[in-house]
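Enquirer: sequence first, predicted model second:
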Amino acid sequence: MFRIIIAMLITQNLLGCWFSAKNLGDRTELVVFANDLIQVANLVRDDKKPLVWLGLRNLEGAETSETRAIEDYVVASLVESGIDIVVSTDNDGRWSKEEIVGESDSIGYSIGGRLMEYGSRTYVRLFIVDENSMVVDSVFRGIYTTHVEDEVEERSRNSGIRRSDLPLDVDLHWIVLRNEGGIREPIVFEEGMVLQSGDQLQVRYRVSKDVKVYAFLFSNEGGIESLVSEDFMYSGLLHYGPTENGWIEMTDEDRVYTAYFLAGPILFEENKNEFVENLHELVDQGQVNEFTGLDKQDRLLVDFVSRAYESEISLNIIRGSEAISSTRQEVFVYSDGTRVQSYAEQLKGVPLIMRAVSFRVQ
């Protein structure tokens with residue numbers, strides 16, 4: 001099952017990113033409507049497992065432009081409310097009329113719903129189900145259909161634009177901390193730099209549209225360590241890798257690493273394992289050794305990502321001074337009280353972005 005784990009900390013106003021534009025229907029009504037619906041999710045706040053979002057369908061079990069529009073608002077409201085959720089794509093197809101919601105193999109709570117129109121209003125009933133598919137709670141709310149129609153109409157105006165053709169912007173923070181006399185201090189992370197054993201690395205980032213993200217470290221001895229698992233990420237949120245307060249610690253000395261960050265509508269698809277095998281072959285053949293052969297590494301990555309696209313696309317990997325830093329400072333506060341002041345790299349690309357930084361650990 002392919003699932004999307006959504007990061008929790010909201011550091012910029014999600015509603016301002018998705019819902020504030022006046023020309024996109026009466027979005028205020030839809031935001032209020034979605035917030036009312038997700039009150040049913042409060043009962044799982046104390047549960048340690050994420051809430052699995054199953055989707056929204058009409059009474060016939062079909063996805064429609066109306067169900068997709070409302071679903072976007074409901075998922076956004078769940079995220080904005082601070083509920084840890086996982087979006088399941090097991091139920092991408094049609095549901096049967098007899099099902100309350102789609103099937104789930106979750107070992108915790110799941111949530112999904114049905115939409116119906118009656119008179120001048122559109123109604124949604126959301127259900128919370130447990131691991132045995134038993135309904136434990138539900139909520140029923142309505143909204144004037146004209147608000148939903150306005151949203152659908154506005155979306156249809158842009159339907160001729162493929163999302164993969166739209167520019168992608170990423171604000172990317174490379175955070176590196178070094179322990180200096182018992183105090184963790186940030187240091188600048190840049191191409192060709194030298195890190196010390198024990199230094200810690202983390203990424204924080206925002207994407208301008210909903211895309212897949214994957215980030216990893218590759219060493220000149222062939223080791224790969226994931227910074228961000230290949231997952232679908234929502235726009236307007238601050239995401240982390242490996243976790244909000246988690247780090248990758250540099251423990252192996254006398255090695256050269258490359259940190260890769262990828263974001264786009266399609267990344268490896270089914271090609272990741274073959275890509276990793278070919279990377280190892282480059283190392284085994286001596287074509288990659290410390291800072292030698294980085295161009296071959298990069299070219300291999302470009303080739304494999306390009307395979308996932310039906311049409312020919314022009315890709316390049318951003319290195320060194322090609323990355324432009326923001327003039328706006330952000331401050332991140334960690335659970336141990338460490339404060340980090342950071343300026344994001346402002347990356348742009350169509351249809352995707354690939355960023356690489358190579359460094360030595362000694």
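Expert: Happy to help now that I have it.

Enquirer: which ones are touching V283?
Expert: 220-222, 289 (C-beta atoms under 8 Å, 6 or more residues apart in numbering). (Each C-beta comes from the backbone N, C-alpha and C, glycine too.)

Enquirer: with F127 instead?
Expert: Counted by C-beta under 8 Å, 6+ apart, F127 has contacts 100-101, 111-113, 135, 137-138.

Enquirer: from these, which land in strands?
Expert: If you go by DSSP state E, those have 111-113, 135, 137-138 in strands.

Enquirer: scan these and report the most crowded one.
Expert: Among these, I111 has the most neighbours (other C-beta atoms under 10 Å), with 29 neighbours.

Enquirer: for it, which residues are in contact?
Expert: 40-41, 51-54, 101, 126-129 are the contacts of I111 under C-beta under 8 Å, 6+ apart.

Enquirer: and which of the ones in strands among the contacts of F127 is nearest Y257?
Expert: Top of the list for closeness to Y257, among the ones in strands among the contacts of F127 and by C-beta to C-beta, is I111 at 40.6 Å.

Enquirer: and that closest one, how far from G82?
Expert: Distance of I111 to G82, given as C-beta to C-beta, to the nearest Å: 15 Å.

Enquirer: in the stretch 1-150 of the chain, which spans are strands?
Expert: In the stretch 1-150 of the chain, the segments counted as strands under DSSP state E, counting those that start in this stretch are 3-5, 51-58, 85-88, 110-118, 121-129, 135-144.

Enquirer: and of the ones you listed, who's closest to H280?
Expert: Closest among those, using C-beta to C-beta: strand 3-5, at 27.8 Å.

Enquirer: any low-confidence regions in the chain?
Expert: The chain contains residues with pLDDT under 70 at 1-26, 43-48, 89-93, 104-106, 156-166.

Enquirer: remind me, longest strand of it?
Expert: strand 168-180.

Enquirer: elements contacting that one?
Expert: strand 183-187, strand 200-207, strand 255-264, strand 324-333, strand 339-349, strand 353-361 (3 or more C-beta pairs under 8 Å, 6 or more residues apart in numbering; DSSP states H and E).

Enquirer: list the buried residues for it?
Expert: In terms of neighbour count (16 or more other C-beta atoms under 10 Å), strand 168-180 has its buried residues at 168, 170-177.

Enquirer: any chance of CSV for the residues you listed, columns distance to L30?
Expert: Output for the buried residues of strand 168-180, formatted as CSV (distance: C-beta to C-beta, whole Å):
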residue, distance to L30
L168, 26
V170, 27
D171, 27
L172, 31
H173, 32
W174, 37
I175, 36
V176, 41
L177, 41
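
Enquirer: for the residues you listed, which one is nearest E270?
Expert: Nearest member of these to E270, counting by C-beta to C-beta, is L168, at 22.3 Å.

Enquirer: ok, the closest one - contacts?
Expert: Contacts of L168 by C-beta under 8 Å, 6+ apart are 207-209, 211, 263-264, 348-353.

Enquirer: picking that back up, single out the most deeply packed of the strands of the stretch 1-150 of the chain.
Expert: Stretch with highest mean neighbour count among these: strand 51-58 (a mean of 23; mean count of other C-beta atoms under 10 Å).

Enquirer: okay, the angle between it and strand 110-118?
Expert: Per axes from the mean of the first three to the mean of the last three C-alpha atoms, to 10 degrees, the angle that strand 51-58 makes with strand 110-118 is 20 degrees.

Enquirer: what sits up against strand 51-58?
Expert: 3, 41, 44, 63-64, 66-68, 70-71, 74-75, 78, 83-88, 90-91, 94-95, 101-102, 104, 106, 108-116, 124.

Enquirer: how about the strands of the stretch 1-150 of the chain, which one is nearest R299?
Expert: strand 3-5 (29.8 Å).

Enquirer: out of the strands of the stretch 1-150 of the chain, which comes closest to S342?
Expert: strand 3-5 (23.3 Å).

Enquirer: using CSV, write down the CA coordinates of the longest helix that the chain contains.
Expert: Criterion DSSP state H: the longest helix present in the chain is helix 65-80. Output in CSV follows, covering the C-alpha atoms of helix 65-80 (Å, rounded to 0.1, in the frame of the first residue of the first chain):
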residue,chain,number,x,y,z
SER,A,65,-15.0,16.8,-9.2
GLU,A,66,-17.1,17.7,-6.1
THR,A,67,-15.7,14.9,-3.9
ARG,A,68,-12.2,15.7,-4.9
ALA,A,69,-12.7,19.4,-4.2
ILE,A,70,-14.2,18.9,-0.7
GLU,A,71,-11.6,16.2,0.1
ASP,A,72,-8.8,18.7,-0.4
TYR,A,73,-10.3,21.0,2.2
VAL,A,74,-11.0,18.2,4.7
VAL,A,75,-7.4,16.8,4.4
ALA,A,76,-6.0,20.4,4.7
SER,A,77,-8.1,21.0,7.8
LEU,A,78,-6.9,17.7,9.4
VAL,A,79,-3.3,18.8,8.9
GLU,A,80,-4.0,22.3,10.1
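
Enquirer: run through who's touching stretch 320-333.
Expert: Residues outside stretch 320-333 that contact it (C-beta under 8 Å, 6+ apart) are 171-173, 175, 190-191, 204, 339-347, 355.
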